[in-house]
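>>> coordinates only, sequence not included:
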């Protein structure tokens, strides 16, 4: 029997309604639409049914034509306006989506589905408070609205309200007892509690599997919970990961998790096999206490390492392998991912910031506006540090000079600091063409601009296989090490300065609270610095003892070399995205009008830009802010308070 007459807003595909049933409704609607004698009300209903089905079938683009026809017939139809909001959401235009659904709510105050959809759009924008309010409104008007409870639990989870999330998942289960996804999500939350409830998580994952025996992610997560029990069940975890892989052989996460469990079981060969299939990065493996043994096996597949050491003897290769792994271990300790250090800021000229942020800044030769520029990682050879990439070499080989031979690989960097109002940065990087200082813009970027997973910032192969040899879209962020070559001392690491903690918490926390937060942060940085000093000292000693070739070492440590800076630049407290590229890859490595090399990274958008700070002498700020609004940025803007005459 057809579900044509049911309220499709509240039916979930593959749970309440099948793909076959949705297509049957489309056929039924098409008959009414094609009948020239159909009454207007019947025609409007048919168009709406078709739009609802198309969107549930992930055919949103196709639905737009029929939404327009609906609105031609009834411009103030709330159901059509919500569906138009869905269309814009699918195209990542969340502001337009919110506007249309708000109009629908204004027309139909008790429209629970509209509140639920607007909540989803707010969630997509990262505005979890407004999302929570709208999910609550949806529940107010439809008390047994299981999907609203479920989605509200996700927003609560994102705000670290774990117990609230569990409560909402339980409500969703109460109204839909056979909802495997609700059990699965409740298991996820239980596993992420401040004191994880792995037994409870295992029960929820098991229930999800009972409802849906082909639920691969539930097997995968149950495996994680089993190996994290007070008395780890490694065999049970391996069994669950294997089942997840059996159901979905393309699940890299399950291979990766099984690999780490094999590491804990000291089965390094099987671990290496799984990591190879998963494409697991060596840096991630080195985070594990037993990771070095697996890393040695994984390096056998490292194209960059093999290319650099291709002329070496077998015994020498083992020695170079050791120092290569040690350098990667150091890099892994430099990653920035703590919430206390995010967001970070990038300083640039005002005209460059306009090209990066706006789609309506510059026109092409035909007079049409060009799409915004992609954020570039520039060759480090164009930096303001003449010793860029050499400081580590001079620390390791104080009596030697870097070879002048042509290098195959180049380093490209995006530079950031943890201070969103730095006079020094505005003076250095915010100059106009006539060299007037303090006229630029500071763009503050959140963690969505970076990869929270630690990966090798290296592309060593020009592969046509998109699964191999290509860097992920997002790169991790690393702090720099500052060394004084004159004394061979490791002085400090890029970090957030004390006064910034007080500035950020002004009027929010008292001084004693801020002092405590800063001291905890400083202790973490001091521990990292201590580890870095020890590891670099051991690296240097091993190179000296083994009498390793300085040219080969310099090439192998290329990644680390560009995270080490001269102490003279310590005040910048810099952190970087680094990518190493083979310079002959002309599709990736491009040259600008001044023949300076760069690689493209990511676009700036309302999702990753969180604040804009204008330098003390920046002009036309109001005009700039208008363009921000026009391009969908709802971000905090302010002028620097730094004194500059």
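Now that the structure is in, tell me what you want to look at. Not measured: the values here are computed from a predicted model.
>>> in the longest helix seen in the chain, which residues are buried?
Among the segments of the chain that qualify as a helix by DSSP state H, the longest is helix 511-546. By 16 or more other C-beta atoms under 10 Å, the buried positions in helix 511-546 come out as 514, 517-518, 521, 525, 528-529, 532, 535-536, 539-540, 543, 546. No exception for glycine: its C-beta is placed from N, CA and C like everyone else's.
>>> any weak-confidence spans in the stretch 501-645 of the chain?
Applying pLDDT under 70 to the stretch 501-645 of the chain flags residues 645.
>>> contacts for stretch 323-334?
Stretch 323-334 is contacted by residues 282-284, 286-287, 292, 295-296, 299, 305, 454, 456, 478-481, 493, 528, 531-532, 535-536, 538-539, 542-543, 548, 553, 556-557, 559-560, 563 when judged by C-beta atoms under 8 Å, 6 or more residues apart in numbering.
>>> which of those residues are buried?
In the contacts of stretch 323-334, burial by neighbour count holds for 282-284, 286, 295-296, 299, 305, 454, 456, 478-481, 493, 528, 532, 535-536, 539, 543, 548, 553, 556-557, 559-560, 563, counting by 16+ other C-beta under 10 Å.
>>> let me know how buried the residue nearest to residue 141 when sequence neighbours are not counted is, in neighbour terms.
The shortest distance from residue 141 to any non-neighbouring residue, by C-beta to C-beta, 6 or more residues apart in numbering, is to residue 112 (4.2 Å). Using other C-beta atoms under 10 Å, residue 112 is surrounded by 20 other residues.
>>> pairing partners for the strand or helix carrying residue 482, with directions?
Per DSSP states H and E, residue 482 falls inside strand 481-484. Neighbouring strands of strand 481-484 in its sheet, by DSSP bridges, are strand 489-493 (antiparallel), strand 564-566 (parallel).
>>> and the contacts of the last one?
Just to be clear, that refers to strand 564-566. With contacts defined as C-beta under 8 Å, 6+ apart, strand 564-566 is touched by 385, 387-388, 391-392, 395, 480-485, 574.
>>> kindly indicate which of those lies nearest residue 446.
residue 574 (18.4 Å; C-beta to C-beta).
>>> verify the stated contact: the closest one with residue 477.
No: in this structure residue 574 lies outside contact range of residue 477 using C-beta atoms under 8 Å: 10.7 Å.
>>> distance-wise, check residue 448 relative to residue 639.
To residue 639, residue 448 is 25 Å away according to C-beta to C-beta, to the nearest Å.
>>> for residue 71, same thing?
Going from residue 71 to residue 639 by C-beta to C-beta gives 43 Å.
>>> what's the answer for residue 521, then?
Plainly put, residue 521 is 28 Å away from residue 639 if you go by C-beta to C-beta.
>>> and residue 485, by the same measure?
According to C-beta to C-beta, residue 485 stands 39 Å off from residue 639.
>>> who's more crowded, the two?
Set residue 485 next to residue 639 and count neighbours by other C-beta under 10 Å: residue 485 wins out with 17 against 14.
>>> report the secondary structure state of the closest residue to the more buried one other than its chain neighbours.
Excluding the flanking residues, the one nearest residue 485 by C-beta to C-beta, 6+ apart is residue 394, at 4.6 Å. Recorded secondary structure, residue 394: helix (DSSP: H, G, I helix; E, B strand; the rest coil).
>>> what about the strands in the stretch 201-350 of the chain?
Assigned by DSSP state E, counting those that start in this stretch, the strands in the stretch 201-350 of the chain fall at 344-348.
>>> touching, residue 494 and residue 532? I think so.
No: with contact defined as C-beta under 8 Å, residue 494 does not count as touching residue 532 (11.6 Å).
>>> what touches both of those two?
Joint contacts of residue 494 and residue 532 (C-beta under 8 Å, 6+ apart) are residue 481.
>>> residue 209 reaches residue 218, doesn't it?
Yes: at 5.0 Å, residue 209 counts as touching residue 218 under the criterion of C-beta under 8 Å.
>>> show me the domain layout of the chain.
Listed by automatic domain parsing, the domain ranges of the chain are 1-75, 338-639.
>>> now these as a markdown table including distance to residue 84?
Shown next, in a markdown table, are those (distance: least, C-beta to C-beta, whole Å):
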| stretch | distance to residue 84 |
| --- | --- |
| domain 1-75 | 5 |
| domain 338-639 | 17 |
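>>> and the strands in the stretch 351-500 of the chain?
So, for the stretch 351-500 of the chain - with DSSP E, counting those that start in this stretch - the strands run 376-379, 409-417, 441-445, 458-459, 478-479, 481-484, 489-493.
>>> and the fifth one, what's its mean pLDDT?
This points to strand 478-479. For strand 478-479, the mean per-residue pLDDT is 95.
>>> which residues in the stretch 301-450 of the chain form helices?
In the stretch 301-450 of the chain, the segments counted as helices under DSSP state H, counting those that start in this stretch are 303-308, 314-333, 350-357, 391-396, 423-429.
>>> which one of these lies closest to residue 224?
helix 314-333 (21.1 Å).
>>> list the buried residues in the closest one.
Residues 317, 319-333 are the ones in helix 314-333 that count as buried (16+ other C-beta under 10 Å).
>>> stretch 92-108 now?
Judged by neighbour count (16+ other C-beta under 10 Å), stretch 92-108 contains these buried residues: 93, 94, 96, 97, 98, 99, 100, 101, 103, 104, 105, 108.
>>> do you know how far residue 66 is from residue 31?
Going from residue 66 to residue 31 by C-beta to C-beta gives 15 Å.
>>> those two - which one has more neighbours?
Using other C-beta under 10 Å, the more surrounded residue of residue 66 and residue 31 is residue 66, with 21 against 11.
>>> picking up where we left off before, between the buried residues of stretch 92-108, which is nearest residue 77?
For the buried residues of stretch 92-108, the residue nearest residue 77 by C-beta to C-beta is residue 104; the value is 8.4 Å.
>>> could you pull up the mean pLDDT of the helix or strand where that closest one lies?
Using DSSP H and E, residue 104 sits in helix 94-107. Mean pLDDT, helix 94-107: 94.
>>> after that helix comes which helix or strand?
Criterion used, DSSP H and E; the element after helix 94-107 is helix 112-125.
>>> give the buried residues for that following helix.
Using 16+ other C-beta under 10 Å as the test for burial, helix 112-125 gives 112-123, 125.
>>> pull the residues that contact stretch 527-535.
Residues outside stretch 527-535 that contact it (C-beta under 8 Å, 6+ apart) are 326, 329, 330, 333, 334, 481, 490, 492, 493.
>>> now stretch 546-557
Residues outside stretch 546-557 that contact it (C-beta under 8 Å, 6+ apart) are 305, 308-309, 312, 316, 319-320, 323-324, 327, 392-393, 396-397, 400, 402-403, 405, 407, 409, 542-543, 561.
>>> residue 615 against residue 641, yeah?
No: with contacts counted by C-beta under 8 Å, residue 615 stays clear of residue 641, the gap being 11.0 Å.
>>> quick one, which of the two is more surrounded?
Legend: neighbour count by other C-beta under 10 Å for residue 615 and residue 641, higher for residue 615 (29 against 10).
>>> sorry, back to before: closest to residue 137 out of the buried residues of helix 112-125?
For these, the nearest to residue 137 is residue 115 (4.2 Å; C-beta to C-beta).
>>> any idea how far residue 328 is from residue 281?
9 Å.
>>> likewise for residue 313?
22 Å.
>>> repeat that for residue 557.
Residue 557 is 10 Å from residue 328, by C-beta to C-beta.
>>> could you do residue 634 as well?
In terms of C-beta to C-beta, residue 634 sits 40 Å off from residue 328.
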